[in-house]
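> Fold the stuff below for me.
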Amino acid sequence: MGMTCNLGDRIRPVSDVRPSVLVVDDEELLRDSLGLALDRAGYRAITARNGGEALAILEREPVSILLLDIFMPERDGLETLLIARRISPQTRVAIMSGHCGQFDYLEAGLKLGADEAVRKPIQPAKLISIIKRLETIGVGHDERRRAPRVTTNLEGQIFDPASWKSTPCRVLNLSEGGALVECAECEEFDSEIVLHVAHFGRFEANVAHRSMSLAGLRFKAGEAERNQLKEMLKVYTERGVGPGRRNPSSA
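Predicted structure coming up:
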């Protein structure tokens, strides 16, 4: 019988037609225990140690469900999620984290397109029930998501006062509390920056999360009110902005 091997060091028969679940976590013990529980529950378990391995697997073969830890070396879970959504949009994603802090990483994952957020530690039996629920939701239907897909795709500039440098960015999600932005040099930002968003204005912010190409920003007190962000977001949702559309600031 022919065999295939994935980067997570598991070997499976090519003829295995069970629903596939890709477990991505840098903790070997957790990876192996979840893989064993998935095998026993009737799934084809695939494992990866980091985001880079996970993306290589997604590019090579179809995956039904992705279990994705946030804090990993080389490429973190939020950045991996963003890329996974583009290369494998049919894969359902549950993002996992046990981190508690001022920046809500699980909420950020939902805003970036995850289907489910899982707080660690979690019992394997409970995780299996979450997977079964995700498995029953129709592929390609937006109503399967707990949070809406990213709806903003705005041009922006990040100014770092420490280096006196301005960097272009793409604003993936914008809310009264802050923003998720994609750019080429996110890891180099100082803790305090200024975000300029096309059509929305200028916001002073603290950098709550940074990775190679993704940053989570938390607006300073009063910034949303000063820019009338709540009202402008409402107009954006209703009418949109950009070429040929009405600018919310003129509404």
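
> Which stretches in the stretch 151-251 of the chain count as helices?
Counting by DSSP state H, counting those that start in this stretch, the stretch 151-251 of the chain has helices at residues 223-226, 229-239.

> nearest to residue 74, of these?
Smallest distance to residue 74 across the helices of the stretch 151-251 of the chain (Cβ to Cβ): 33.2 Å, for helix 223-226. Every residue, glycine included, has its C-beta placed from N, CA and C.

> Which SSE is immediately downstream of the host helix or strand of residue 80?
In the assignment (DSSP states H and E), residue 80 maps to helix 77-87. Next along the chain after helix 77-87, taking DSSP H and E as the criterion, comes strand 92-97.

> Buried residues, that next one. List them.
92-97 (16 or more other Cβ atoms under 10 Å).

> Least confident of these?
Across the set of those, residue 97 stands lowest in pLDDT, at 90.

> picking up where we left off before, need the helices of the stretch 151-251 of the chain in a markdown table (columns: mean neighbour count and mean pLDDT).
Shown next, in a markdown table, are those (neighbours: other Cβ atoms under 10 Å; pLDDT from 0 to 100):
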| stretch | mean neighbour count | mean pLDDT |
| --- | --- | --- |
| helix 223-226 | 16 | 90 |
| helix 229-239 | 15 | 83 |
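
> follow-up on the earlier one: can you work out which other helices and strands pack against the helix holding residue 80?
helix 51-60, strand 65-69, strand 92-97, helix 105-111, strand 214-219 (3 or more Cβ pairs under 8 Å, 6 or more residues apart in numbering; DSSP states H and E).

> In stretch 201-218, which residues are buried?
For stretch 201-218, by 16+ other Cβ under 10 Å, it's 203-211, 213-218.

> How confident was the prediction at residue 74?
So residue 74 comes in at 80 (pLDDT).

> Apart from its chain neighbours, what residue comes closest to it?
residue 50 (4.6 Å; Cβ to Cβ, 6 or more residues apart in numbering).

> dump the residue contacts of that neighbour.
24, 26, 72-75 (Cβ atoms under 8 Å, 6 or more residues apart in numbering).

> In CSV: these, plus neighbour count.
Shown next, in CSV, are the contacts of residue 50 (neighbours: other Cβ atoms under 10 Å):
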residue, neighbour count
24, 31
26, 15
72, 22
73, 10
74, 13
75, 20
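
> Can you flag which of those residues belong to strands?
Those of the contacts of residue 50 mapping onto strands are residue 24, per DSSP state E.

> tell me which of the contacts of residue 50 is nearest to residue 231?
Looking across the contacts of residue 50 and measuring by Cβ to Cβ, the closest to residue 231 is residue 75, at 37.1 Å.
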